[in-house]
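>>> based on what follows, work out the 3D shape:
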Amino acid sequence: AMMFYYWCAFGPLSRGSACCGYAVLFGILLAADCGVPSSLPSERQIDWEAILAPDASTFVAGVRPWLADSVEAALPDLPPPDEAFSTLRDRLGALL
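Residues are numbered from 1 along each chain as shown. Here you go, the predicted model:
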């Protein structure tokens, strides 16, 4: 949510950039293996809340209830990185 705040707050004020911000936010959640079963809240424009919020923590506090209810995190099931990539070769291979 904080990355989305910075995307909207410091990006150009056009509707197209907000749409890209939504796509990036959902892309990050999907890349982290988090499902988002619900849609965006109706009658709320989260990009404008980010633009008009005085700081990132205020924005995150306002979005967190919706986002926390929507996101089903699967990250705790992942092994620690040192177990998944035990050798230097494995770690370098993961970066490529």
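>>> which residue, other than its chain neighbours, is closest to the residue nearest the centre of the chain?
Centrality entry for the chain: nearest residue to the mean C-alpha point is Leu25, 4.2 Å, by C-alpha atoms, centre = their mean. Distances taken as C-beta to C-beta, 6 or more residues apart in numbering put Phe4 closest to Leu25, at 4.6 Å, once the chain neighbours are dropped. No exception for glycine: its C-beta is placed from N, CA and C like everyone else's.
>>> can you tell me the element the one you found falls in?
In this assignment (DSSP states H and E), Phe4 forms part of helix 2-10.
>>> can you give me the helices in this structure?
Taking DSSP state H as the criterion, the chain carries its helices at 2-10, 15-31, 46-52, 56-70, 81-84, 88-95.
>>> adding mean pLDDT, write those out as CSV.
Output for the helices of the chain, formatted as CSV (pLDDT from 0 to 100):
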stretch, mean pLDDT
helix 2-10, 71
helix 15-31, 72
helix 46-52, 80
helix 56-70, 78
helix 81-84, 84
helix 88-95, 89
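>>> who are the contact partners of the residue nearest to Leu25?
21-22, 24-25, 46, 50, 63 (C-beta atoms under 8 Å, 6 or more residues apart in numbering).
>>> neighbours around the residue nearest to Met3 when sequence neighbours are not counted, how many?
Leaving out its chain neighbours, the residue that sits closest to Met3 by C-beta to C-beta, 6+ apart is Ile28, at 6.9 Å. Using other C-beta atoms under 10 Å, Ile28 has 12 neighbouring residues.
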